[in-house]
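Asker: need coordinates for the following:
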Amino acid sequence: MPVYALLASHRAYGGRWGPTLLRNAGVAVAYGATLMVALGVVSLWAFLG
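Answerer: I've put the predicted structure just below:
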């Protein structure tokens, strides 16, 4: 799935591979950070509730 997302973003936005890889890495980091915060909130809610 990550390979498909990389190829799709390269086809949609064009350009060279370096910026495409950096853009996708940034999206992956942002997604991971959001997921960690959401899991933390749900864990606290389950623990305290």
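
Asker: pLDDT of the host helix or strand of Leu44, averaged?
Answerer: Using DSSP states H and E, the element containing Leu44 is helix 17-48. Averaged across helix 17-48, pLDDT comes to 97.

Asker: packing partners of it?
Answerer: Using 3 or more C-beta pairs under 8 Å, 6 or more residues apart in numbering; DSSP states H and E, the elements in contact with helix 17-48 are helix 2-13. Yep, even glycine has a C-beta here, placed from its N, CA and C like the rest.

Asker: and the helix it packs on, how far out from the chain's middle?
Answerer: 13 Å (C-alpha atoms, centre = their mean, to the nearest Å).

Asker: now do the end-to-end distance for stretch 8-24.
Answerer: One end of stretch 8-24 sits 11 Å from the other (C-alpha to C-alpha, to the nearest Å).

Asker: other residues contacting that stretch?
Answerer: Contacting residues not belonging to stretch 8-24 are listed as 2, 5-6 [C-beta atoms under 8 Å, 6 or more residues apart in numbering].

Asker: kindly reformat the residues you listed as a markdown table and extend each row with neighbour count, distance to Gly40 and pLDDT.
Answerer: Formatted as a markdown table, the contacts of stretch 8-24 follow (neighbours: other C-beta atoms under 10 Å; distance: C-beta to C-beta, whole Å; pLDDT from 0 to 100):
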| residue | neighbour count | distance to Gly40 | pLDDT |
| --- | --- | --- | --- |
| Pro2 | 8 | 24 | 88 |
| Ala5 | 12 | 25 | 93 |
| Leu6 | 17 | 28 | 94 |
